[in-house]
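Need coordinates for the following:
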Amino acid sequence: MLPFAGDSGNGYGALLPLRGHPDRARFQQICLPGHGERMAEPLLTDLDALAADAFRQIAPKMRNCDVLYGHSMGALLALAVVRRARALLFPLPRAIVVSGMRGPSRFVARARAKLSREGLREELRRLGGSPGEILDNDEMFDFFEPLIRADFSAVENYRYGAEPPLPVPITVIVGDEDEVTADEADAWQRETAHPLTLTSMPGGHFFIYRHATVMRETLMAALASRRES
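Here you go, the predicted model:
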């Protein structure tokens, strides 16, 4: 599971199978440099460098990787990781699930990394997904601010490059109140040789939390279907 901007490696906890479920251990949440348990490492502001780091974590398990999932920035990372795996002749995941991101060929970054401190807080409130106890507490926000600015910089520095479609099915899920239009989401079709699966759910950018149960079921269904294929 590839992190969204600001995720410290546990942002998808609500989407995981419940504790005690036999499949819970199969889900790995990737932690990026400078985040979470890796906070002592330098932050990166280049998406390719983040993807390379994520790939190094996933590579030893690629042979058993059934589904790769990423939300928002994590969706861009998912594509970059699988492209890297293909280039290096590694086994590919059997499916990719992405959410909250337009097709990379239609990607347009919003300038967020250099917002004022209060402007950044307001933008994070608008997007949702960031706990109020972080946004409303100056001391906690002092810790969080460099992480989110670095991640936003990485997204803003992203430049799409066309490559042949991947031989991997892609499922795209978007919130119907998010900024991603249906046409923009449909642009993910360019990245897969399979028919695209596109789903919309009620909610804004972080609809994944509002519909955590449905998202969990979607990921579990993708996992089950890939095992059977």
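
could I get the helix or strand containing L147 in CSV with only the CA atoms?
Take DSSP states H and E as the rule and L147 turns out to sit in helix 138-156. Extracted in CSV, the C-alpha atoms of helix 138-156 (Å, rounded to 0.1, in the frame of the first residue of the first chain):
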residue,chain,number,x,y,z
ASP,A,138,1.1,24.1,16.9
GLU,A,139,3.7,21.7,18.4
MET,A,140,2.3,18.7,16.5
PHE,A,141,2.0,20.7,13.3
ASP,A,142,5.6,21.8,13.7
PHE,A,143,6.5,18.1,13.3
PHE,A,144,4.1,17.4,10.5
GLU,A,145,4.6,20.5,8.3
PRO,A,146,8.0,19.5,6.8
LEU,A,147,6.7,16.1,5.9
ILE,A,148,3.6,17.3,4.0
ARG,A,149,5.5,20.1,2.3
ALA,A,150,8.1,17.6,1.1
ASP,A,151,5.4,15.2,-0.2
PHE,A,152,3.5,18.1,-1.9
SER,A,153,6.8,19.2,-3.5
ALA,A,154,7.3,15.6,-4.9
VAL,A,155,3.9,15.7,-6.4
GLU,A,156,4.3,19.1,-7.9
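
all helices of the protein, in order?
Along the chain, counting by DSSP state H, helices occupy 47-58, 73-87, 117-127, 132-135, 138-156, 182-186, 207-210, 212-228.

Any idea how far apart the tips of stretch 87-102 sit?
Distance across stretch 87-102, first residue to last, is 24 Å (CA to CA, to the nearest Å).

show me what contacts E177?
202-204, 207 (CB atoms under 8 Å, 6 or more residues apart in numbering). To be clear about C-beta, it is placed using only N, CA and C from the backbone, and glycine gets the same treatment.

Among the residues you listed, name the buried ones.
When the contacts of E177 are checked for burial by 16 or more other CB atoms under 10 Å, the buried set is 203-204, 207.
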